[in-house]
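>>> predicted model and sequence follow; I will ask about them next.
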Amino acid sequence: MLLRGVELTEIPEETVRLARAVFPKGCPVMRVRDALGPVFADADFEELFPVRGRPAVSPARLALVSVLQFTEGLTDRQAAHAVRSRLDWKYALSLELADTGFDFSVLSEFRARLAESDEGRAVFDAVLTAAGEAGLVTAGKRQRTDATHVLAVTRDLSRLEFVVETLRAGLNQIAEAAGDWLMTVAAPEWFDRYSARPEDSRFPSRWAARVEHGDQCGADGMVLLQAAWSASAPPGLRHLPAVEFLRQTWVQQFHQVDGAVRRREPKNTPPGLIRLRTPHELETKTGAKRDLGWSGYKVHLSETCEPGVPHLITHIHTTPAPVNDDAVRPAGWELQCPPVVHSLGGRWWLALPDGTGQLTDPTLLAAAFGPGGYRPEETQV
């Protein structure tokens, strides 16, 4: 698809006239356009499109449609219909009244381009930059940070299910890469033990039998790892992702006792920040916050909290689930708008004016907010 630059600065006169007549006091979408301007430009996305091909829909318009779509919670079909039918959207997008819009599938294609090129952050930064130019985000104001959980797109596994599925995934990848070699290594009973997914298997109900099954799985995995690291193994076998994950998992979950492979006691397993959880999403970790536990990630969101002005998200940062909230840098520093007062976990911090650090002197904090930097009347975030 070929990118042809479209100018969004000027709104068609007939669109302005009719929009002002229908909405004499304005509406949220129109007020956003009036306050922030066009926000995006096609030049910001030129690297996403080739120099040849059929003309593409303006990516600047698609980016703004995506923002409005998220704001109103619309599906792709509903958003495409809004572009065709809603006057306030035509006003925000600088479209003629007779513009017929585009097919809804264009939106998913645009998001795919952003994801493949890792340019999704550019959309967020453009909105924040426009808000800063409009005076809605400035340095030396209050900001607060909180975090929420993001679930991994995988099934939660017990320890026994996890090691069985990890070994099964390793066997499957080795079978694809070196099936003939695997036939010389695998014991006949491995097929019965590891051909089915754990959720489709029936593990022993008695605890002692489950422990024995787990130890047997550990011994089988150790045999496979020793064979993969032997001189007779095909070159590159140990570098397969599933095999490397199997090796790391066995280090975390098993150890040798008197020459036999045994599962580690829970107290001897690694902490959540480095403990592996599933072979199908390697970055997944287990986290907990208050009374909630989950496997996946944690998204840290910071927003302005000055009275009398819109509260705007200024920073988004995704981390593994076990990362503590206070390990994330206060928002705004990267955008040269560091907060003077920053709330994190119910504690208010005074930041240095130049954004290079935080005032942590207990006397200053107690004088400003009370003992320990806590403000009793503030709600925990």
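Looks like it arrived, so ask away. Numbering: from 1, shown residues only.
>>> ok, the longest strand seen in the chain: who's next to it in the sheet?
The single longest strand within the chain, with elements called by DSSP state E, is strand 292-304. Sheet pairing of strand 292-304 (DSSP bridges) gives strand 142-151 (antiparallel), strand 285-289 (antiparallel), strand 313-320 (antiparallel).
>>> would you state the strands of the stretch 201-350 of the chain in chain order?
Using DSSP state E, counting those that start in this stretch, the strands of the stretch 201-350 of the chain run over residues 254-257, 260-263, 285-289, 292-304, 313-320, 341-344, 347-351.
>>> so which of those gets nearest A98?
Among these, strand 313-320 comes nearest to A98, with 35.6 Å by C-beta to C-beta. Using the backbone N, CA and C atoms, a C-beta is placed for each residue, glycine as well.
>>> just the strands of the stretch 201-350 of the chain: most buried one?
Across these, the average number of neighbours (mean count of other C-beta atoms under 10 Å) peaks for strand 341-344, which reaches a mean of 22.
>>> what average pLDDT does that one get?
For strand 341-344, mean pLDDT is 64.
>>> so how far is M30 from A19?
6 Å (C-beta to C-beta, to the nearest Å).
>>> and A139, by the same measure?
On the measure of C-beta to C-beta, A139 and M30 end up 29 Å apart.
>>> more neighbours: which of these two?
A direct count of neighbours by other C-beta atoms under 10 Å for A139 and M30 places M30 higher, at 21 against 17.
>>> correct me, but that one touches A92?
Yes: the criterion here is C-beta atoms under 8 Å, and M30 meets it with A92 at 6.7 Å.
>>> convert the C-alpha atoms of the longest strand of the chain to PDB, please.
Extracted C-alpha coordinates of strand 292-304, given in PDB (Å, rounded to 0.1, in the frame of the first residue of the first chain):
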ATOM      1  CA  LEU A 292      -5.200 -10.900  43.900                       C
ATOM      2  CA  GLY A 293      -2.700 -13.400  42.300                       C
ATOM      3  CA  TRP A 294      -2.200 -13.900  38.600                       C
ATOM      4  CA  SER A 295       0.200 -15.200  35.900                       C
ATOM      5  CA  GLY A 296       1.100 -12.600  33.300                       C
ATOM      6  CA  TYR A 297       2.300  -9.000  33.500                       C
ATOM      7  CA  LYS A 298       1.700  -5.700  35.300                       C
ATOM      8  CA  VAL A 299       0.900  -2.400  33.600                       C
ATOM      9  CA  HIS A 300       1.900   0.700  35.400                       C
ATOM     10  CA  LEU A 301      -0.200   3.800  34.600                       C
ATOM     11  CA  SER A 302       0.500   7.300  35.600                       C
ATOM     12  CA  GLU A 303      -1.800  10.200  35.300                       C
ATOM     13  CA  THR A 304      -2.000  13.900  36.200                       C
END
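>>> quick one: that strand to chain centroid distance?
Chain-centre distance of strand 292-304: 9 Å, with C-alpha atoms, centre = their mean, to the nearest Å.
>>> export the strands of the stretch 201-350 of the chain to CSV and tack on distance to S230?
Formatted as CSV, the strands of the stretch 201-350 of the chain follow (distance: least, C-beta to C-beta, whole Å):
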stretch, distance to S230
strand 254-257, 18
strand 260-263, 17
strand 285-289, 32
strand 292-304, 34
strand 313-320, 34
strand 341-344, 51
strand 347-351, 55
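>>> do you know how far V185 is from G170?
V185 is 12 Å from G170, where distance means C-beta to C-beta.
>>> of the two, which one has the most company?
G170 (26 against 18).
>>> what's the helix or strand for the more buried one?
Here G170, judged by DSSP states H and E, is contained in helix 159-185.
>>> what is that helix packed up against?
helix 190-194, helix 207-228, helix 241-253 (3 or more C-beta pairs under 8 Å, 6 or more residues apart in numbering; DSSP states H and E).
>>> closest to A60 out of the ones you listed?
helix 241-253 (38.2 Å).
>>> lowest mean pLDDT across the strands of the stretch 201-350 of the chain, which one is that?
Among those, strand 347-351 scores lowest, with a mean of 57.
>>> I'd like the average pLDDT over stretch 194-207.
86.
>>> ok, now stretch 125-142?
pLDDT averaged over stretch 125-142 gives 83.
>>> from start to finish, how long is it in a straight line?
End-to-end span of stretch 125-142 (C-alpha to C-alpha, to the nearest Å): 19 Å.
>>> from the chain's centre, how far out does that stretch sit?
Mean C-alpha position of stretch 125-142 versus that of the full chain (C-alpha atoms, centre = their mean) differs by 23 Å.
>>> over to stretch 241-255?
That offset, for stretch 241-255, works out to 25 Å (C-alpha atoms, centre = their mean).
>>> buried ones in it, by neighbour count?
For stretch 241-255, burial by neighbour count (16 or more other C-beta atoms under 10 Å) applies to 242-243, 245-247, 249-250, 252-254.
>>> alpha carbons only: can I get that stretch in CSV?
The C-alpha trace of stretch 241-255 is given here as CSV (Å, rounded to 0.1, in the frame of the first residue of the first chain):
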residue,chain,number,x,y,z
PRO,A,241,13.9,-22.6,22.3
ALA,A,242,11.8,-25.4,23.9
VAL,A,243,15.0,-27.3,24.8
GLU,A,244,16.6,-24.3,26.5
PHE,A,245,13.4,-23.6,28.3
LEU,A,246,13.4,-27.2,29.5
ARG,A,247,16.9,-26.9,30.8
GLN,A,248,16.1,-23.7,32.7
THR,A,249,12.9,-25.3,34.1
TRP,A,250,14.7,-28.4,35.3
VAL,A,251,17.3,-26.2,37.1
GLN,A,252,14.5,-24.4,38.9
GLN,A,253,12.2,-27.4,39.7
PHE,A,254,14.5,-30.4,40.3
HIS,A,255,17.8,-31.3,41.9
